[in-house]
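> coords below, sequence missing:
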């Protein structure tokens, strides 16, 4: 797998090419994960760009991204493989007239043709190492976590009817977690770990420029400053990078050039940043004016 | 872990090979509660040897990514790193607020001296384990270690003050545990989304049905079914230990302890003017030790109540992790609050969104002709699924069937 990726020093710029502005720590984490071939566990608040990392990494390595979205009740049939029952039933019916033995019919029906590959199986069957994103692992239950651990250490999957399928390539695994459940120590020890913070003001500015090339530099700087001080307010849900980008896009669309502290219209655009009613109420026009005044 | 400044490796060894120093660092982390062993040392060396010699910052980042596993560790790592490699000698990096500076801590002046000298040393990359490194060895577990004598003394003091000794009557304890576990079982309910094979399940397990049908030439004679298995519920308890609750505190604490000890998926907090998480303390095997530590934590035990603020703290800091769609939130309080009812209602609404069910147990309800008259109690009643009396262990036992029926 070492042959396919680039020296770590190049990873930062390559991610930037993929329109992802990563902090130093994250770049180190990603290059270590690639180097050691170990899964990387990313934790952090919603909206700091954990999922985007995986997409950018796939783009930077010019490989496929396979995503497994976790949820409560996720089990082997949706994560690993499932038999295609409809086709199996048809095949059994069809074979009735052909006078084959039960053993033959069974061997036929349980062949790879009738196997539906789900993300985990698909990822280890790729000809070239792909990026496997296991999103929001904390939502899956403990049983699945234990199974995942096994897959992540051996990179082989046993299908009773066929046998053991070994990986043709070892995927680069990225796991994300929002911390709604404590993950097991075993999983944490298996993974490299990186806590992703909200970007610094400079980095957020860089992200704005990168993602919205047409933005006025002065407005971008004001937005970055404003969002940063907004995050320090007592909010239920602090705005993430995606929200900042939405808001910047909205402001550009409205043709706004600077953040006017007393603008009613601007205050109305806060719905792009604040996603709960309580937060919207707590940022009154006065609070908005204060923050905008400081940012301008 | 003596109170003095002995680092995990023992001596200051400037000329040790890198491998030994890294091993020392891993031991230093382990002593500070970050799980790491020989496998990690090995990996750390490999990580450091990668590519050109890394700068100190880059080395720190690499080790941090490799050796930490959760947010708390992530945040403490920088201090631990500096304490070991740069001998900055910061005192305590754990978030524990109750920690006390051990008697034998070297003076700050000495530590700073070390820091300056080591800063230069670090510049030419001759990293060495510092004498002050062990100053960081302290923290959460510290209550049981270096300050044992002084802690025991204050524990006795606290016991005298709040009279928690009676809580450890073994007979009563057993009964309380029993009742608590019965209640916990009553709260169990079905919510798993996973399915297991069950003879009379609602859904057909296609995979196994087809497998079985092969024996009959593809005719699915026997249908195999599956249904959702029962899953244990998670119970989160908030116990009010303010002045007005004092007469009940004794058996209620027993109940809470019984629940935490007997039920794996229980989480307990107590509050008066502030909120304290007590699950780990209650899991202590020695009941007397547990109760005395609890008494220490419950400073202000018997004081006023700031319910809305405590709920606010809970919602902000603990709720996300403690509650999920499979949790029952149990509040044990008489509803006397010094704050405004509106603030309390607001927090109850936030709480309701996270918990599956909200149960409010009120000891006053056991009184004849008691009506929930306090303003707060009346205001929050609308957000409670079940409201029941708990003036004695018997009353607790009596609510079992009702909880089961919820």
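Right, received. Where do you want to start? What you see is a predicted model; the values in this text were computed from it and never measured.
> and the residue of the stretch 301-406 of chain B closest to chain A?
Nearest residue of the stretch 301-406 of chain B to chain A, counting by CB to the nearest CB: residue B:320, 6.0 Å away. Placement of C-beta: from N, CA and C, glycine included.
> buried set for the helix or strand bottoming out on mean pLDDT in chain A?
Using mean pLDDT, DSSP states H and E, the weakest-scoring helix or strand in chain A turns out to be helix A:102-109, at a mean of 81. Along helix A:102-109, these residues count as buried under the neighbour rule (16 or more other CB atoms under 10 Å in any protein chain shown): A:105-106, A:109.
> which residues sit in contact with the residue in the stretch 151-296 of chain A positioned nearest to chain B?
Minimum separation of the stretch 151-296 of chain A from chain B (CB to the nearest CB) falls at residue A:188, amounting to 3.5 Å. The neighbourhood of residue A:188, defined by CB atoms under 8 Å, 6 or more residues apart in numbering or on different chains, consists of A:41, B:69-70.
> can you put these in TSV and add distance to residue A:93 and pLDDT?
Listed next are these as TSV, based on distance: CB to CB, whole Å; pLDDT from 0 to 100:
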residue	distance to residue A:93	pLDDT
A:41	47	95
B:69	52	88
B:70	53	85
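> which ones among these map onto strands?
Among the contacts of residue A:188, the members falling in strands (DSSP state E) are residue A:41.
> do the longest helix along chain A and chain B meet?
Criterion DSSP state H: the longest helix present in chain A is helix A:217-231. No - Helix A:217-231 lies apart from chain B when judged by CB under 8 Å from any CB of the partner chain; the minimum separation is 15.0 Å.
> what comes up buried for that helix?
Applying a neighbour-count criterion of 16+ other CB under 10 Å, one finds A:219-228, A:230 buried in helix A:217-231.
> also stretch A:195-206?
By neighbour count on 16+ other CB under 10 Å, the buried set for stretch A:195-206 is A:195-196, A:198-199, A:203-206.
> report how many residues lie close to residue B:356.
19 (other CB atoms under 10 Å in any protein chain shown).
> one more: residue A:281?
Other residues close to residue A:281 by other CB under 10 Å number 9.
> what about it, distance to residue A:266?
According to CB to CB, to the nearest Å, residue A:281 stands 17 Å off from residue A:266.
> turn the buried residues of helix A:102-109 into JSON lines, including distance to chain B.
Below are those laid out as JSON lines (distance: CB to the nearest CB, whole Å):
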{"residue": "A:105", "distance to chain B": "7"}
{"residue": "A:106", "distance to chain B": "5"}
{"residue": "A:109", "distance to chain B": "7"}
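> between the residues you listed, which is closest to residue A:57?
residue A:109 (38.8 Å; CB to CB).
> sec struct for the closest residue to the closest one other than its chain neighbours, please.
Using CB to CB, 6 or more residues apart in numbering or on different chains and skipping the chain neighbours, the partner closest in space to residue A:109 is residue A:88 (4.9 Å). Here residue A:88 is recorded as helix under DSSP: H, G, I helix; E, B strand; the rest coil.
> show me what contacts the residue nearest the centre of chain A?
The residue lying closest to the centre of chain A (CA atoms, centre = their mean) is residue A:51, at 2.0 Å. Going by CB under 8 Å, 6+ apart, residue A:51 touches A:133, A:135, A:176.
> pLDDT and distance to residue A:19 added to those residues, as CSV?
Compiled in CSV, the contacts of residue A:51 are given as follows (pLDDT from 0 to 100; distance: CB to CB, whole Å):
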residue, pLDDT, distance to residue A:19
A:133, 96, 17
A:135, 94, 19
A:176, 94, 19
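> most surrounded residue in those?
Using other CB under 10 Å as the neighbour test, these are led by residue A:133, with 26 neighbours.
> for it, which residues make a bridge with it?
With DSSP bridges as the criterion, residue A:133 is bridged to residue A:67, residue A:174.
> quick check, nearest of the buried residues of stretch A:195-206 to residue B:259?
Closest approach to residue B:259 among the buried residues of stretch A:195-206 (CB to CB): residue A:195, at 32.6 Å.
> pretty sure that closest one sits against residue A:40.
No - taking contacts as CB atoms under 8 Å, residue A:195 lies outside contact range of residue A:40: 11.7 Å.
> helix or strand for the residue nearest to residue A:11 when sequence neighbours are not counted, which one?
What sits nearest to residue A:11 in space, not counting adjacent residues and going by CB to CB, 6+ apart, is residue A:31, at 5.0 Å. Under the criterion of DSSP states H and E, residue A:31 resides in helix A:24-36.
> my guess is residue A:191 contacts residue A:43. True?
No - the criterion here is CB under 8 Å, and residue A:191 misses it with residue A:43 at 10.3 Å.
> residues in contact with the helix or strand where the residue of the stretch 301-406 of chain B closest to chain A lies?
Assigned by DSSP H and E, residue B:320 belongs to helix B:319-322. Residues outside helix B:319-322 that contact it (CB under 8 Å, 6+ apart): A:179-182, B:234, B:236, B:267, B:314, B:350-351, B:354.
> quick one: the helices in the stretch 51-200 of chain A?
According to DSSP state H, counting those that start in this stretch, the stretch 51-200 of chain A carries its helices in the segments A:76-79, A:85-96, A:102-109, A:119-124, A:142-154, A:185-190.
> what helices or strands is the helix holding residue A:31 leaning on?
For helix A:24-36, the elements it packs on are helix A:11-17, strand A:40-43, helix A:50-60, strand A:172-177, strand A:192-195, helix B:38-49, helix B:56-67, judged by 3 or more CB pairs under 8 Å, 6 or more residues apart in numbering or on different chains; DSSP states H and E.
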